[in-house]
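Trainee: coordinates only, sequence not included:
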Ligand SMILES: NC(=O)C1=CN([C@@H]2O[C@H](COP(=O)(O)OP(=O)(O)OC[C@H]3O[C@@H](n4cnc5c(N)ncnc54)[C@H](O)[C@@H]3O)[C@@H](O)[C@H]2O)[C@@H](O)CC1
Ligand SMILES: [K+]
């Protein structure tokens, strides 16, 4: 059992609407208590973030609306001027209907004019499970809202994929209940959520029984990094190999430097005669040879390979099939992805693929669902871990485990940054981490190095800067892991 499976629903696990329904079914006798707590917590957060002002709570017919009625009651109890605008009344006898009955304050029409009169609107129309386009009148209403706080998600956000069912409200603050949802971390929803704060509503532990987390926010508690030991030598730390192209040597240089700075014990670079002469001068810390891939893979220590950075179609063709035949652990990027143009089966056996969206589409075809689902599907079909890069990098494993990374910075958008990431993944795979955990850890460390470099350099960095911060970034992850163990 992997570390993440044992963790069940730790705080970085993300809840899908389907899992929320399962929990609710489990906790049917406590739902009223949970709704009361949810409403009270949202009201408290509003009190923390805003001064007393005219509040309008927009309530839908379901439990999201139910939470809204409770929020209204608490704010009014603290002396705030509050009205409720029901979009549709809750069904008679439902939990939300009971919450609505307890609201004795003003009820106004669900109209743009009312939204404009308010100073703050609470969006309690729909929760994260909405599966149809937002009704026109809801869109129109929220176009006139001054400041908005959303319960669960801004209405119209798909809680799993982060897709928006039309023009969703722009919230300043979104209050997640129990755990965040995948959609909170994925674009375009993230941009509509504002600050996302997760609150504890007193959900008992037993509600999680039988549930197995499948989505996580990418944090260091998800992937234990190997420690350093007194007895370590370079081979226990791990060997990373790459094939260095003769035409674009910079990419292989970034990948090998980054593997070394992340902790690989040894990096071996194989190349042609012409390439090897060049790599010997620019990579003094690496073993450079002119071995054919066929000869290289005979060395059982050279199991982990980066293939693709800086390679032409012909070079990939001459290396990758041999590596896959020998069942090496291949991290495929750049040229290797271009080589598979429209034919993902050519990459069968690759451990990790690291496409950005353009490369992903080139290999797998247009994304017809969401980026999240497309990455999951591609991972399932190919058996490879898919690292779909972006501001919200998705790391999907063939068994369905999916991490979403927000630990990054726009400063990473610089040439060579992807080569650095493939080197980090390789170093962590070579140290013995399983492919998905290594990929998650690498994406986090890459983001942390970017943040540290950007801070040190005043915001604008190049790939070389990133590499010099990798050791510190790995150390930051280790420190954070120690803290979470001690908690
Ligand atoms: N276990 C938890 O995490 C808890 C969740 N709670 C709340 O429960 C919410 C989820 O409640 P629900 O599952 O009732 O979902 P919603 O509150 O989103 O309700 C959806 C309702 O709206 C109706 N609807 C959607 N589109 C419509 C349309 N175009 N025309 C007419 N009706 C339409 C649906 O048929 C459904 O009845 C969460 O968002 C959260 O606010 C809280 O009450 C506390 C406990
Ligand atoms: K909402």
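Mentor: Yep, it's here. Quantities reported herein were computed from a predicted structural model and do not represent experimental measurements. Ligands and ions are numbered 1, 2, ... in the order given.

Trainee: quick one, what contacts residue 102?
Mentor: Residues counted as contacts of residue 102 (CB atoms under 8 Å, 6 or more residues apart in numbering) are 69, 70, 73. In short, each C-beta sits where N, CA and C put it, glycine included.

Trainee: Hmm, residue 106 and residue 85 touching each other?
Mentor: No: the pair residue 85 / residue 106 is not scored as a contact, 9.7 Å apart, by CB atoms under 8 Å.

Trainee: Between these two, which is the more surrounded one?
Mentor: For the pair residue 85 and residue 106, the greater number of neighbours falls to residue 85 (23 against 13), based on other CB atoms under 10 Å.

Trainee: how about that one, what does it touch?
Mentor: So residue 85 contacts 56, 57, 58, 59, 107, 108, 109, 110, 111, 114, 115, 141 (CB under 8 Å, 6+ apart).

Trainee: so the most centrally placed residue in the chain bridges to which residues?
Mentor: Centroid-nearest residue in the chain: residue 404, 1.2 Å away (criterion: CA atoms, centre = their mean). Note on residue 404: beta-bridge partners by DSSP bridges are residue 217, residue 394.

Trainee: correct me, but it touches residue 219?
Mentor: No: using CB under 8 Å, residue 404 is not in contact with residue 219; the gap is 10.6 Å.

Trainee: how far away is the residue nearest to the centre of the chain from residue 13?
Mentor: From residue 404 across to residue 13, the span is 11 Å (CB to CB, to the nearest Å).

Trainee: what sits in contact with each of those two?
Mentor: Common neighbours of residue 404 and residue 13, counting by CB under 8 Å, 6+ apart, are 215, 216.

Trainee: Now list the buried members of the contacts of residue 85.
Mentor: 56, 57, 58, 59, 110, 114, 115, 141 (16 or more other CB atoms under 10 Å).

Trainee: taking those residues one by one, which sit in helices?
Mentor: Among those, DSSP state H puts 114, 115, 141 in helices.

Trainee: and this protein, what are its domains?
Mentor: Domain segmentation of the chain under automatic domain parsing yields 3-214, 221-486.

Trainee: Could I get these in CSV, plus columns for distance to ligand 2 and mean pLDDT?
Mentor: CSV is the format used below for those (distance: least, CB to the ion, whole Å; pLDDT from 0 to 100):
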stretch, distance to ligand 2, mean pLDDT
domain 3-214, 4, 95
domain 221-486, 20, 95
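
Trainee: Hmm, residue 145 is touching residue 118, no?
Mentor: Yes: shown here, residue 145 and residue 118 form a contact pair, counting by CB under 8 Å, at 7.5 Å.

Trainee: Which of the two has more residues huddled nearby?
Mentor: Per other CB under 10 Å, whichever of residue 145 and residue 118 has more neighbours is residue 118, with 24 against 20.

Trainee: if we can go back for a sec, let's see if you can find the most crowded of the contacts of residue 102.
Mentor: Sorting the contacts of residue 102 by how many neighbours each has (other CB under 10 Å) puts residue 70 first, at 27 neighbours.

Trainee: What is the three-state secondary structure of that one?
Mentor: When classified by DSSP: H, G, I helix; E, B strand; the rest coil, residue 70 comes out as helix.

Trainee: Also residue 98?
Mentor: Reduced to three states by three-state DSSP, residue 98 is helix.

Trainee: so which helix or strand takes in the spatially closest residue to it that is not a sequence neighbour?
Mentor: What sits nearest to residue 98 in space, not counting adjacent residues and going by CB to CB, 6 or more residues apart in numbering, is residue 32, at 6.9 Å. For residue 32, the host element (DSSP states H and E) is helix 31-49.

Trainee: touching ligand 1 at all, that helix?
Mentor: Yes: residues of helix 31-49 are located near ligand 1 by CB under 6 Å from any ligand atom, namely 34, 35, 38.

Trainee: which parts of that helix are buried?
Mentor: Buried positions in helix 31-49, judged by neighbour count with 16+ other CB under 10 Å: 34-46.

Trainee: Stretch 316-328 now?
Mentor: Within stretch 316-328, the residues that count as buried by 16+ other CB under 10 Å are 316, 319, 320, 322, 323, 324, 326, 328.

Trainee: cool, and stretch 53-66?
Mentor: Buried residues in stretch 53-66, defined by neighbour count with 16+ other CB under 10 Å: 55, 56, 57, 58, 59, 60, 61, 62, 63, 64, 65, 66.

Trainee: how many other residues sit next to the closest residue to residue 393 other than its chain neighbours?
Mentor: Spatially, and ignoring its direct neighbours in sequence, residue 393 is nearest to residue 405 (4.3 Å; CB to CB, 6+ apart). Residues near residue 405, counting by other CB under 10 Å, number 25.

Trainee: surely residue 405 meets residue 390?
Mentor: No: under the criterion of CB under 8 Å, residue 405 makes no contact with residue 390, lying 9.3 Å away.

Trainee: Can you lay out the buried ones among the contacts of residue 85 as CSV showing distance to ligand 1?
Mentor: Formatted as CSV, the buried ones among the contacts of residue 85 follow (distance: CB to the nearest ligand atom, whole Å):
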residue, distance to ligand 1
56, 17
57, 12
58, 12
59, 9
110, 13
114, 20
115, 19
141, 13
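
Trainee: JSON lines please, covering those residues and showing distance to residue 151.
Mentor: As requested, these are exported to JSON lines (distance: CB to CB, whole Å):
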{"residue": "56", "distance to residue 151": "14"}
{"residue": "57", "distance to residue 151": "9"}
{"residue": "58", "distance to residue 151": "10"}
{"residue": "59", "distance to residue 151": "10"}
{"residue": "110", "distance to residue 151": "16"}
{"residue": "114", "distance to residue 151": "18"}
{"residue": "115", "distance to residue 151": "16"}
{"residue": "141", "distance to residue 151": "16"}
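
Trainee: Residue 197 belongs to a helix?
Mentor: No: Residue 197 is assigned strand when assessed by three-state DSSP, not a helix.

Trainee: what residues are up against it?
Mentor: So residue 197 contacts 45, 173, 174, 175, 176 (CB under 8 Å, 6+ apart).
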